Structure formats: C-alpha cells, structure tokens
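> Dropping the sequence and predicted coords here.
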There are 2 protein chains.
Amino acid sequence: MSRFDYPVYLQLRDQLWSWIEAEKLSSQQRLPSERELSERFHTTRVTIRQALSQLEAEGLIFRSNRRGWYITPERLRYDPSRDVGFNRYVTEQGFKPRTETLFKQLTEVSPWLSEASGLEVGAPVYHVFRRRYVDERGLLVEHNYINPAHCPGLLGESTDLSIWQMLRDKYDLRPEHRDIEIYPLALKGLEADSLSVNPGAAGLYIQRLSFDQRGEFLELDREYWLHDALKISVRIGDRH
Amino acid sequence: MSRFDYPVYLQLRDQLWSWIEAEKLSSQQRLPSERELSERFHTTRVTIRQALSQLEAEGLIFRSNRRGWYITPERLRYDPSRDVGFNRYVTEQGFKPRTETLFKQLTEVSPWLSEASGLEVGAPVYHVFRRRYVDERGLLVEHNYINPAHCPGLLGESTDLSIWQMLRDKYDLRPEHRDIEIYPLALKGLEADSLSVNPGAAGLYIQRLSFDQRGEFLELDREYWLHDALKISVRIGDRH
DNA sequence: AAGTGGTCTAGACCACGTG
DNA sequence: ACGTGGTCTAGACCACTTT
C-alpha cells in the first residue's frame, strides 16, 4: 500500500508532463530530443526514456519511427457496430480523415479465413490492405477480405473511400449480423512497419465478420489500431 | 521494408520462446531468473529484459510484482453486452473464477459520476470495489456504482458473486439499455497495485453505464483488465 | 539471509530520418 | 553530414519476496 520509493522515472514523468502543460504543447507537436531532455532534468537518457515510455503507455505522447516524441491527439470515438464509414465519423468529430490503399488483389481463401468465413480453402477472395489517417497521423491499418461472389469487379473501384458504402450503393449488400472481436495486442511485422511504430508497440485489434441478408459470408475486416488512437463507444439495447 | 538489422532483443525473443516451447512450460509456470537467462543466452540483464518485455507485450508471458515471469494463460472470452455474471461465463469456459470484495461503502455522487448517471452531485450511491480472479490470477479490478434508490440494503448482501444476478433476483431490476466504452490504457495507482503490476502496465478499460426499464440510472461499472487477459467477443444484429 | 526483480548510471555504436 | 532515436554493455544499489 505504501509508496516510500517513488522512483525517479515517475518523478520525471510528472515533471515532464508539467513542463509540457506549461509550454502549452499541443496535439502532434514535437518534444525536445532525448539528449536535451536528459540534460534539462539532470539524468541519463535511459531514465528519461523510461519516463517517456510511461507517458507513452498512458497515451499522452507517442513516438514515430526514429523521428521523435509527439503529443498525442484526442482519441477518436468509434462504434464498430454501426455501418457508418470511417471518413464520415471522423469528419463528424471535426477531424480530417484520409485512406490509403497499400495493395488490393484477388487471392485464395486461406485455411484460417475458411474457418471464419465458411468459404472453401482455395476459393477466390478479394483482399484489400489499407492505412487510415486522422489529421495526417496513421492510426490503423486494415485488411478487408470480401466475398467476390456478390460484388464482381469490386477491385476496379476506388477503395480509398468506404467499402461499406460501395457494397451498399452499388451491390445492394448490407450486413445482417456481425461477429466482433476486440483485444489488445502488440503490433508486429507488416502492421508495425506500416504504422511507423516499433515491433511490440501496444495496439488494439478489432475484427468484424459480416454476413449478408441471406446469411452468407460478406466480409471480414481485421483492423490494427494504435493503442492511444481510439475509444470504442457502443450503445446496446434501446432499439425502437 | 528491408530488415537488415534484426536486433538482438528480437533474436532473443525468438530463442526464448523456442526454449519455452521446447521445455513445454505451461500456463502460470515460472521462467528462470533474469540473471540465469542472461547467462544462458550470453547477454546482459538489460537486453534479456527487453526480450522479456517484448514477449510480455505480445501477451505470451506476464510478470507479477517482483516475483518473476510466468506463462500467460489463454485469454478469457468476454461479452460485455450480455447479462451473464462473471462466475458463470468463466466456469462455462472451464476456468475457476473467484471474486474478492476489496471494499464497499455508501458514498456521495461525485461530479463526474453525476454527469454520467444523471444523479445529483452529493446524492447517495453505493460504491463496490472488487477484484476478480481466473484460476487464481487476478485479471481485473472493478468499481461498481449502484443507484441505491432501487435496491436498498444492497450492501448488506454478499458482493462476492454476481451483482447483476442479485439485482435481477432480489430487486427485479434489469438493464434496458447500456452505454459501453472500451479503450486501452496504462494501469496506475490503485488499479495497478491491486493487480500486482507496475505502474504503466498495459490494460484495457471497459465501462458500462446501465439504465433500467424506466430509463433511470441503474449502475455504472468501471473495469480495469490486464491487457493479455481477455478477448471481447460480441454478436450484433441477429435478434429474432 | 539469500536471491529476485526494479531501478539507475555512464558510457558506446549504429541505422535511420532530416536537412 | 549531422543529429536523432534504437540498441547494447557492464556494472551498481535497493526494495521486496521467498527460503
């Protein structure tokens, strides 16, 4: 219960944050270099980094690649149960969205995708890999696996906007029910690289498995978010 | 794209995990000491700790206090939209649940609680603080704030089981709709201490704000989970 | 009492991003 | 080319847990 030893790195955390507030550093602004900070606070780089990591874990600052430390913007509110597209709800909250398609291809159903979707292994499936930005900070990457049976020619369309909207407007496809999975994980490999974070950076995984009006597999969505980027907000019940 | 430098700590991560699999270490088993590992793998404690932290971030191992590193058990599946109590769904998945009430008291509605619940600041409210275990590992702590208007004498009851079940069976109260919030955060202070983790340990925050059949505030639930402890799983739609 | 993990120092070299 | 963050070494002391 007692906290006799309040370690240096936690004291530094407090000093750092006070300093940041005093300086009125705002969203996406860069902190001084680690060497400069370690001098200013009379300690080692290792210890300053521990303090910075603490603030990072709390979601107050973030780092980008080898570029430095920055102030974390406000979390984006997100309701994975709604059909509203990314661009729309980001705009609604007063931010600027952007989507980048990193690749899209027609590929074959893998064993794990088969198990989730019910499609046969080796059957054709669209695979789209995209990165989404809010105010020019990349917040998530997402893999979309789409059943081509119901939306031939999808890859010919632009995928820089809402795939949902396209499925609804062009193909009259709407999800009837969905299985959603959410859990924290460490970002690694392709996902970590694409988001310019170190392997091991904390992330949040959101998977949405959607079936259409006839109960057939429509789409599987696998999203990898930065841990400090979003706040999931859902209302349950209240269906009139 | 290229990965010319595959850092030592990531190589160690791989070696460590291979070693763990070869040794067939199972859930909740302890790893050798850091000094022993750093000798075995011909490196420093600092670097071994970096490798261990990587595995921790990935949810493969966890640490407890100053006691050592352990193999992480399988994630618990959890559906925050259902009314099923903790004890029941833990048992359903073949684990052993336990709940410990750390304190319970009648207190006054604070400003932030007032904003969430609609109760007036200073009005009476029950506050229960509990810790929940699965297979004797503490996975979460939870604050319950309950409207005493509808369930007088609640604090006299045992709170080591499901509060939901009690509200339903003894007071005929069931949630009509709920606002749920979920986001990753760092565990700190009381929550970190109660779960025997360091300040800054990755966690998942789940908040459930429930209103009863008449639309009145019933209960606010604030849960702090270990990041590696759960997998949220929800089905949306499909209501027949 | 012994051993553990938690913290901290004072250096160093490297790969990478930015000018 | 320079400065940055990322990584790594070889120590040390302390608080705490366990024996």
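Looks like it arrived, so ask away. Residues are numbered from 1 along each chain as shown, chains lettered A, B, ... in the order given.

> Roughly how far does residue A:58 sit from chain B?
4 Å (CB to the nearest CB, to the nearest Å). (C-beta placed from N, C-alpha, C; glycine too.)

> Give me every residue in chain A lying close to DNA strand C.
A:7, A:8, A:9, A:43, A:44, A:45, A:46, A:47, A:50, A:65, A:66, A:67 (CB under 7 Å from any atom of the strand).

> Of these, keep whichever come out buried.
A:9, A:43, A:47, A:50 (16 or more other CB atoms under 10 Å in any protein chain shown).

> Can you narrow the residues you listed down to the ones near chain B?
Among these, no residue sits close to chain B (CB under 8 Å from any CB of the partner chain).

> who does the helix or strand of chain A with the lowest mean pLDDT touch, helix- and strand-wise?
Lowest mean confidence among the helices and strands of chain A (mean pLDDT, DSSP states H and E): helix A:163-171, at a mean of 83. Other helices and strands packing on helix A:163-171, by 3 or more CB pairs under 8 Å, 6 or more residues apart in numbering or on different chains; DSSP states H and E, are strand A:137-146, strand A:217-226.

> Let's see that with 6 Å instead.
Contact partners of helix A:163-171 among helices and strands, from 3 or more CB pairs under 6 Å, 6 or more residues apart in numbering or on different chains; DSSP states H and E: none.

> if I look at the nearest residue to residue A:222 once chain neighbours are set aside, how far off is residue A:27?
Closest residue in space to residue A:222, ignoring its immediate chain neighbours: residue A:143 at 4.4 Å, by CB to CB, 6 or more residues apart in numbering or on different chains. Per CB to CB, to the nearest Å, residue A:143 is found 28 Å from residue A:27.

> more neighbours, these two?
A side-by-side neighbour count of residue A:143 and residue A:27, using other CB atoms under 10 Å in any protein chain shown, places residue A:143 first with 18 against 11.

> low pLDDT regions in chain A?
A:1-5, A:238-240 (pLDDT under 70).

> Residue for residue, what is the longest helix it has?
helix A:8-22 (DSSP state H).

> Quickly check: the following helix or strand past it near DNA strand D or not.
Downstream of helix A:8-22, the next assigned helix or strand under DSSP states H and E is helix A:34-40. Yes - contact of helix A:34-40 with DNA strand D (CB under 7 Å from any atom of the strand) involves A:34, A:35, A:36.

> Going by distance to chain B, which of those residues wins?
residue A:34 (16.8 Å; CB to the nearest CB).

> burial of that closest one, as a residue count?
Neighbour tally, residue A:34, other CB under 10 Å: 16.

> wait, doesn't it sit right on residue A:45?
Yes - contact status for residue A:34 versus residue A:45: in contact at 5.2 Å, counting by CB atoms under 6 Å.

> what pairs with the closest residue to residue A:113 other than its chain neighbours across the strands?
Of all residues not flanking residue A:113 in the chain, residue A:145 sits nearest, at 5.9 Å (CB to CB, 6+ apart). With DSSP bridges as the criterion, residue A:145 is bridged to residue A:127, residue A:220.

> Show me the domain layout of chain A.
Chain A breaks down into these domains under automatic domain parsing: A:8-71, A:76-232.

> Now do the end-to-end distance for the shortest one.
Pointing back at domain A:8-71 there. In domain A:8-71, first residue to last residue: 22 Å (CA to CA, to the nearest Å).

> what's the offset of it from the middle of its chain?
Taking the mean of its C-alpha atoms, domain A:8-71 sits 23 Å from the chain's own mean (CA atoms, centre = their mean, to the nearest Å).

> And residue A:56, which helix or strand is it part of?
helix A:45-57.

> Pairing partners for the very next helix or strand once past that helix, with directions?
Counting by DSSP H and E, the element after helix A:45-57 in chain order, helix or strand, is strand A:61-64. The strands beside strand A:61-64 in its sheet (DSSP bridges) come out as strand A:68-71 (antiparallel).

> What residues sit buried inside the strand it pairs with?
Quick answer for strand A:68-71 (16+ other CB under 10 Å): A:69, A:70, A:71.
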